[in-house]
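S.K.: got a predicted structure here, sequence first:
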Amino acid sequence: MSNRLLLDVLKGKVGPQMPIWMMRQAGRYLPEYRATRAEAGSFLDLCYNPELACEVTLQPIRRFGFDGSILFSDILVVPHALGQDVRFEEGVGPVLPPLDSSEINALIDRFESESEQFDAHLDPVIETVRLLRSRLPEEVTLLGFCGAPWTVATYMVGGRGSPDQAAARKFALKEPEVFDRLLSCLARASVRYLSRQITAGADAVQVFDSWAGSLSPAGFSRYSVTPIAQIVDGLRPLHPETPVIGFAKGAMHALGRFSEATGIDAVGLDWTIDVDAARQQVPETMVTQGNIDPLLMTAGPMALEQAVDRMVEGAVGVPHVANLGHGITPDGQIDQVHRFIERVRSGNG
Ligand SMILES: Cc1c2[nH]c(c1CCC(=O)O)Cc1[nH]c(c(CCC(=O)O)c1C)Cc1[nH]c(c(CCC(=O)O)c1C)Cc1[nH]c(c(C)c1CCC(=O)O)C2
């Protein structure tokens, strides 16, 4: 074992303590985030400002002492780097001009002929990773990330978030070849982007398929599993030692297939499945991560402590990373985050 608790567990070593980090740990529930955010200008200005992005990444580490630090950026910097306009509107979230098939084909052709432009657009994010690795304590594991091709494509085609991703699902039904071509392009772009994050200092990477839950089982295989497997296959020869975490939110019905067919090292769990039930579906050596309902951060201590105990009891003797089942919401309470951490740490050493 090294002194890096999270990285060790992500590599399958079970240590004396369960490591903790939290999805969206840098975000609006923190007053110091809101202050830096106000200083930065737009949300994308913050993502592309290495000093400020580094600062907001470090804020939750200073305040809570998490074992992992996730790069502050967004999954939608990838379509932005591919040439699509991306804006974040207050109270709405991301807004993009929805692409039709000829625009998608043009964007893919451009990526193939001018991938240096894609790389150059993301230079500030890579610089943030470099700054982070030099400023984080050595024992804190630095996590890079990207969105999974399906989730990123739902925004590229639908133009904004939606409850059921209907626009992207319709597009996939009407234009399956163009859609496959888009997902494959996003997978190749993600390999380039994640590989550069790893070279700059990321110790592990997570692929977020936040909207996997809207796909049918067949759609899930084609649009979630296949492109994520393409990302893992592309990264593995370049960075054989770097763990890849896959998180297909809403797709706990297909956890076994997702874990095995993608080639990931660790699998994220949402709050709809218990850790012990999840572990029965995945290979024994698979690392699990999750699965506390983020809304428990908005209520009282009892329900949270019960959920943490259930997670800890479900993960005795197996490699598991304590986390939420999705990102903490802006109304998450800071004292609940402290309770979450204390409860995990008191429950296992
Ligand atoms: C789907 C998705 C997006 N972005 C992301 C996902 C996948 C994970 C998930 O499902 O939550 C990933 C993401 N976005 C952000 C991070 C930073 C790192 C961290 O987790 O601390 C990460 C890992 C910052 C952010 N990304 C965003 C914020 C809030 C915007 C702000 O500060 O004004 C933050 C802190 C904006 C964003 N970005 C996105 C949406 C839908 C929104 C609006 C919704 C919202 O406002 O929460 C797209």
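M.R.: Happy to help now that I have it.
S.K.: any idea how many residues pack against Arg236?
M.R.: 14 (other C-beta atoms under 10 Å). Backbone N, C-alpha and C define where each C-beta goes, glycine included.
S.K.: didn't it look like it was pressed against Gly263?
M.R.: Yes. Applying C-beta atoms under 8 Å, one finds Arg236 in contact with Gly263, separated by 7.1 Å.
S.K.: the residue nearest to the spatial centre of the chain in helix, strand or coil?
M.R.: By C-alpha atoms, centre = their mean, the chain has its centre lying nearest to Phe208, at 3.9 Å. Under DSSP: H, G, I helix; E, B strand; the rest coil, the three-state class of Phe208 is strand.
S.K.: dump the residue contacts of it.
M.R.: Applying C-beta atoms under 8 Å, 6 or more residues apart in numbering to Phe208 gives the contacts Ile75, Phe145, Cys146, Gly147, Ala148, Thr151, Phe247, Lys249.
S.K.: ok, 6 Å please
M.R.: Phe208 sits next to Gly147, Phe247 when contact means C-beta atoms under 6 Å, 6 or more residues apart in numbering.
S.K.: run through the bridge partners of it.
M.R.: Counting by DSSP bridges, Phe208 is bridged to Gly147, Phe247.
S.K.: from here on, count from 6
M.R.: Shifting the count to begin at 6 puts that one at Phe213.
S.K.: what score does it have for pLDDT?
M.R.: Turning to Phe213, the model gives it a pLDDT of 98.
S.K.: can you pull the contacts of whatever residue of the stretch 56-205 of the chain ends up closest to the ligand?
M.R.: For the stretch 56-205 of the chain, the residue closest to the ligand is Gly98, as judged by C-beta to the nearest ligand atom, at 3.3 Å. By C-beta under 6 Å, 6+ apart, the residues touching Gly98 are Gly166.
S.K.: where does the stretch 106-255 of the chain get nearest to the ligand, residue-wise?
M.R.: Counting by C-beta to the nearest ligand atom, the stretch 106-255 of the chain gets nearest to the ligand through Ser215 (3.1 Å).
S.K.: what's the local residue count around that residue?
M.R.: 22.
S.K.: surely it and Thr156 touch.
M.R.: Yes. Counting by C-beta atoms under 6 Å, Thr156 is a contact partner of Ser215 at 4.9 Å.
S.K.: any low-confidence regions in this protein?
M.R.: 353-354 (pLDDT under 70).
S.K.: near the ligand, which residues of it are found?
M.R.: When proximity is defined as C-beta under 6 Å from any ligand atom, the chain approaches the ligand at 28-33, 42, 48, 75, 77, 79-81, 93, 98-99, 150, 152, 156, 166, 213, 215, 332.
S.K.: go with 5 Å
M.R.: Those residues of the chain that sit near the ligand, judged by C-beta under 5 Å from any ligand atom, are 29-32, 48, 75, 77, 79-80, 98, 166, 213, 215, 332.
S.K.: what subset of these is buried?
M.R.: Buried by 16 or more other C-beta atoms under 10 Å: Arg29, Gln30, Ala31, Gly32, Phe48, Ile75, Phe77, Asp79, Ile80, Phe213, Ser215, Gly332, out of the residues of the chain next to the ligand.
S.K.: and the strands in the protein, which stretches?
M.R.: 73-75, 92-94, 98-100, 146-152, 209-214, 249-253, 271-273, 292-297, 325-329 (DSSP state E).
S.K.: name the residue most distant from the centre of the chain?
M.R.: Quick read of the chain (C-alpha atoms, centre = their mean): farthest out is Ser107, 29.5 Å.
S.K.: ok, that residue - contacts?
M.R.: Contacts of Ser107 by C-beta under 6 Å, 6+ apart: none found.
S.K.: what's stretch 52-60 in contact with?
M.R.: Thr41, Ala45, Leu51, Phe77, Ser78, Asp79, Val82, Pro129, Glu132, Thr133, Leu136, Leu137.
S.K.: between those residues, which is closest to His258?
M.R.: Asp79 (27.8 Å; C-beta to C-beta).
S.K.: check contacts around the closest one.
M.R.: Cys52.
S.K.: give me the phi and psi for it.
M.R.: When read as degrees, to the nearest 10, the backbone of Asp79 gives phi -150, psi 150.
S.K.: tell me which residues of stretch 310-318 are tucked away?
M.R.: Glu310, Ala312, Val313, Met316, Val317.
S.K.: stretch 208-222 too?
M.R.: So for stretch 208-222, counting by 16+ other C-beta under 10 Å, buried means 208-220.
S.K.: quick one: contacts for the residue lying closest to Gln341 once chain neighbours are set aside?
M.R.: Once flanking residues are discounted, Gln341 sits nearest to Met302: 4.5 Å by C-beta to C-beta, 6 or more residues apart in numbering. By C-beta under 6 Å, 6+ apart, the residues touching Met302 are Ile333, Gly337, Gln338, Gln341.
S.K.: could you dump the residues you listed to TSV with neighbour count?
M.R.: What follows is the contacts of Met302, written out as TSV (neighbours: other C-beta atoms under 10 Å):
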residue	neighbour count
Ile333	27
Gly337	23
Gln338	16
Gln341	19
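S.K.: could you tell me which of the residues you listed belong to helices?
M.R.: Among these, the members falling in helices are Gln341 (criterion: DSSP state H).
S.K.: quick one: the helices in the stretch 206-354 of the chain, in order.
M.R.: Using DSSP state H, counting those that start in this stretch, the helices of the stretch 206-354 of the chain run over 222-224, 231-240, 260-267, 280-286, 306-318, 339-352.
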